[in-house]
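**Student:** I'll drop the sequence and a predicted model, then ask my questions.
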Amino acid sequence: MALTNAIVAPRYGAALFELTAADGTTQEVQTELHALDQVFNENPGLMDALIGPELKLNVKQDIVGELTTGALPVVARLVQMAFNYGRIAALPAIVADFDERISADAGQITGTATTAVPLSAAQTERLAAAVAHRLGVAHAELNNVVDANVIGGVRVQAANYVIDGTVQHRIDQIRATLLTH
């Protein structure tokens, strides 16, 4: 089974968070990772160059060396390890996972509330408070996405949890039950 970025990123993110939380460098590492992420965002061909076959390995290694010059040792080791193991393309997902872990540690989560119609600010606040309570965190921030296919209800995705109370989900469950009996 091939490991995807969705599988790899939480592993790297968890290890990085545990390491930086233990030595108190979480914020500094996060700042450097965001700067590195910005370099990739501003230079979209850079990631393609590092994962593509066009450049020789030694040239790619030189690029990785330039990217990590002056970086904290843990950031340099993370980037080098991701490159060595063919996981450099997972770097944005690793940074996102690391950010989520920092937020969760601070009692905050972010997520998406998918509804058939837009939620008002008051509805979003009440839903966020309910999600925070259910997940045991101090604060939840939800972005509302409108999708008419849900028919009604709400589907919340936050902190690796999915709470699906949509009409479409209920219809799918009934359909599955009818097909199995």
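**Tutor:** Arrived safely, thanks for sending. Numbering: from 1, shown residues only.

**Student:** so Asn144 is in which element?
**Tutor:** Element membership for Asn144 (DSSP states H and E) is strand 139-146.

**Student:** how far away is the residue lying closest to Asn5 once chain neighbours are set aside from Asn144?
**Tutor:** Leaving aside its chain neighbours, Asn5 sits nearest to Ala90 (4.1 Å; criterion: C-beta to C-beta, 6 or more residues apart in numbering). (Glycine included, C-beta is placed from N, CA and C.) Using C-beta to C-beta, to the nearest Å, we find Ala90 at a distance of 29 Å from Asn144.

**Student:** packing partners for the one helix or strand Arg126 maps to?
**Tutor:** Per DSSP H and E: Arg126 is located in helix 121-135. Helix 121-135 sits against strand 108-115, strand 139-146, strand 154-158, strand 161-164, with contacts defined as 3 or more C-beta pairs under 8 Å, 6 or more residues apart in numbering; DSSP states H and E.

**Student:** report the longest helix in this structure, please.
**Tutor:** Across the chain, the longest stretch assigned as helix under DSSP state H is helix 5-23.

**Student:** Quick one: mean pLDDT over it.
**Tutor:** What helix 5-23 shows for mean pLDDT is 92.

**Student:** List the contacts of that helix.
**Tutor:** Residues from elsewhere that reach helix 5-23 (C-beta atoms under 8 Å, 6 or more residues apart in numbering): 26, 29, 74, 78, 82, 87, 89-90, 93-94, 96-98, 100-102, 105.

**Student:** Pull out the buried positions in it.
**Tutor:** By neighbour count on 16 or more other C-beta atoms under 10 Å, the buried set for helix 5-23 is 5, 8-10, 12-13, 16-17, 20.

**Student:** low pLDDT regions in this structure?
**Tutor:** 1-3, 181 (pLDDT under 70).

**Student:** Kindly state the domain boundaries assigned to it.
**Tutor:** Residue ranges for the domains of the chain, per automatic domain parsing: 5-103, 108-180.

**Student:** Next, the contact list for Ile171, please.
**Tutor:** Ile151 are the contacts of Ile171 under C-beta under 8 Å, 6+ apart.

**Student:** Also Ile94?
**Tutor:** Ile94 makes contact with 8-9, 12-13, 16, 78, 82 under the criterion C-beta under 8 Å, 6+ apart.
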